[in-house]
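Visitor: Predicted structure and sequence below. I'll ask about it afterward.
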Amino acid sequence: MALLLLVNLYLAHLVTYYFYRLYRLYHSARKTGLRLIICPLTPYTPQWQLATTLLGPVLRRFRWFRAIDWTCAWHDDDKLHRELGSCFIVVSPGHNVLCTSDPKTIEHVLRKWRDFVKPDNVNEILGTFGQNVDTSNGDDWTRHRKLTAPCFSERASTIVWGEALQQSEVLLAKWLSSSNTETTSMIKDTSTLALNVISSVAFENHQVNKPTSGHALSLRDSLVTVMSTSISPALEGIMPWLKSSGLQLLLPASVKKLLLAMSEFSQYMDEIVAREREKTAASEETRSHLNLISTLIRASDEAKSNGTQTKTRLSDIELRGNIFIFTVGGLESTAITLSYALALLAVNPEVQSWVVEELDEVLSNATELEYSRVFPMLKRVMAVMYETLRLYGPSPPLPRAPATPNLDIPISSHNSTSSSANSPATITLPPNTQLMLNSWASHTSAAHFSNPKLWNPKRWIHTSPTASSLAAEKLMHPTSESGFYAWGSGPRICPGMKFSQVEFTAVLASVLRRVRVETVVDEREQEGKREEKARQRVLSVLRDSCAEPLLLHVRRPEQLSVRIVER
Ligand code: HEM
């Protein structure tokens, strides 16, 4: 009886505490004057992840879930923001989340990188193999950013360009040697291409698809498996214990595969660091031949040998963390953008012809595609990349948390529920409030882009009414002030931005120079409607995209069927 009473008292305490916290956070959020949504679960906690895994389809019916869940946020475009304002707050019992698509707010938060830091509870997967430039904050971030910066030089861009051209030839050879012009492996093929490029540029490992000596998995398989789930970081923490306790035998096959992939990937990275150090010691590489990883190791080791404190260099675990983040950034984001772009070009043949017109003019007499001459001239190709990233950018809403209490942030005046004439231009961030900077909503807002839902690369090209030549066309580079954040903004803007632009341009130019990418028309369908149905089939596969565990991608890649036809 006494035990029952105690249990009841404890449960009553939990319920009271839950509502007390919810009320306190609601009360402080109300003072901002922003519109509020009550969320019964605290976002990004293990309970949230569990609920999403078990009850995802049910939860997706609720607005509080849609506001926070990344896949829903992409599907909803700027719908919620049109209803609730470009800033609104999701109030939950653990903490609040201020969701914003307002360029004024986003720009301020990204510029003030010391005030608004990356929270630990989001994107944990990126820190699986050690702290790195993406997961660090404050002085640690300055150290990581400084030591990783030499990896992204113009010399590196030239290497990326050459390697991307070479890998495109391999891809084309595969496509053109097939007896069937129809393929369902385009997404896999672009991913292999991007992995080959990053492997070669980063660690001169051309054998990414086959296990190298002493390995059970290939580098590619171990990376893809690690990135396929959000539980990798949790497993990394308990891996030594799992190994020693013999519990592995009881684990399900999928978890065992994940553990193997994590251990294999760690081993690959340790081998790379050791190999690069050996080469440096033997002075095998001159500075002009350094690859991305040896550049990183050398920059870090030089800081050490200059007699500076350990805190100015990177530890071996941090080196591993940074190699991982480069591989993920270099592989996934670029591959995803390439595959969306190729599919969208198949759906929009007139845009493809428009791009090919530029390629034919720029590359007509070129035997060699020199980076410094050709890359700046392919403006229409870059326009395709910008437009694809605007609507299908792989990066989820950027998370930030205030480093100190009571920080002010600017907001557009229409956000306030009080009379708009007297609305404040800044608000003080309520205690315990994280931020979710939603670039997908910003990219699809009519306030920033005309006809925002239409994929139209031509919007990035300015044509002079007096000049008719393609050379006179001007590429309108996207700016964060205008609401474009595909690569982030401010001091923490993606350091691989140029790397990805160069790779994307080299691949698209090589591919479209030789082949046309088309939708697959079904001859059995009614004449006159076949083409449209073929377009809709591709678009529906693209629309069925998801952002779990991290980056936006097509959920059923094998269903994306296109035709590759030699020009
Ligand atoms: C289309 C391709 C890419 C897109 C859309 C993209 C997008 C982004 C975005 C939005 C951020 C900012 C995250 C934040 O502020 O929270 C970021 C950061 C980062 N990206 Fe990329 N990225 C791409 C390619 C790459 C490549 C090729 C690499 C490396 C080889 C790379 C490495 C990084 C790193 C290391 C950071 C962290 C920077 C820091 O916090 O200082 N990314 N990326």
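Guide: Structure received. Residues are numbered from 1 along each chain as shown.

Visitor: which residues touch residue 168?
Guide: Neighbouring residues of residue 168 by CB atoms under 8 Å, 6 or more residues apart in numbering: 193, 506-507, 510-511. The C-beta positions use only the backbone N, C-alpha and C, and glycine is treated the same way.

Visitor: Can I take it that it is in a helix?
Guide: Yes: counting by DSSP: H, G, I helix; E, B strand; the rest coil, residue 168 is located in a helix.

Visitor: which residue sits closest to it, ignoring its sequence neighbours?
Guide: residue 510 (3.5 Å; CB to CB, 6 or more residues apart in numbering).

Visitor: Could you do residue 68 as well?
Guide: In space, residue 68 is closest to residue 43, 4.6 Å off (CB to CB, 6+ apart).

Visitor: what's the answer for residue 530, then?
Guide: Residue 530's closest residue in space is residue 521 (CB to CB, 6+ apart), at 4.7 Å.

Visitor: That neighbour - how many residues pack around it?
Guide: Residues near residue 521, counting by other CB atoms under 10 Å, number 15.

Visitor: how far away is it from the ligand?
Guide: Note on residue 521: its distance to the ligand, by CB to the nearest ligand atom, to the nearest Å, is 31 Å.

Visitor: and if you look at residue 357?
Guide: 24 Å.

Visitor: mind starting the numbering at 261 from now?
Guide: Sounds good: first residue 261 from here, last item residue 617.

Visitor: Which pLDDT value belongs to that residue?
Guide: Residue 617 is assigned a predicted lDDT (pLDDT) of 96.

Visitor: Show me how far the strand or helix carrying it is from its chain's centre.
Guide: Using DSSP states H and E, the element containing residue 617 is helix 609-623. Centroid displacement of helix 609-623 relative to its chain, using CA atoms, centre = their mean, to the nearest Å, is 28 Å.

Visitor: nearest residue to residue 764 other than its sequence neighbours?
Guide: residue 645 (4.9 Å).

Visitor: thinking again about what came up before, pull the CA coordinates from the helix holding residue 617 and hand them back as PDB.
Guide: Output of helix 609-623 as PDB, limited to C-alpha atoms (Å, rounded to 0.1, in the frame of the first residue of the first chain):
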ATOM      1  CA  PRO A 609      14.500  19.100 -71.500                       C
ATOM      2  CA  GLU A 610      14.300  22.700 -72.600                       C
ATOM      3  CA  VAL A 611      16.600  23.700 -69.700                       C
ATOM      4  CA  GLN A 612      18.900  20.900 -70.600                       C
ATOM      5  CA  SER A 613      19.100  22.200 -74.200                       C
ATOM      6  CA  TRP A 614      19.800  25.700 -72.800                       C
ATOM      7  CA  VAL A 615      22.700  24.300 -70.700                       C
ATOM      8  CA  VAL A 616      24.000  22.300 -73.700                       C
ATOM      9  CA  GLU A 617      24.000  25.500 -75.800                       C
ATOM     10  CA  GLU A 618      26.500  27.000 -73.400                       C
ATOM     11  CA  LEU A 619      28.600  23.900 -73.300                       C
ATOM     12  CA  ASP A 620      28.800  23.700 -77.100                       C
ATOM     13  CA  GLU A 621      29.900  27.200 -77.300                       C
ATOM     14  CA  VAL A 622      32.500  27.100 -74.500                       C
ATOM     15  CA  LEU A 623      33.800  23.700 -75.100                       C
END
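
Visitor: Run through the neighbouring helices and strands of the following helix or strand past it.
Guide: Heading C-terminal from helix 609-623, the first helix or strand you meet, by DSSP H and E, is helix 631-634. Packing contacts for helix 631-634, counted by 3 or more CB pairs under 8 Å, 6 or more residues apart in numbering; DSSP states H and E, involve helix 414-437.

Visitor: and the helix or strand where the residue nearest to residue 764 lies with helix 609-623, angle?
Guide: Element membership for residue 645, per DSSP H and E: helix 639-652. With axes from the mean of the first three to the mean of the last three CA atoms, to 10 degrees applied, the angle from helix 639-652 to helix 609-623 works out at 140 degrees.
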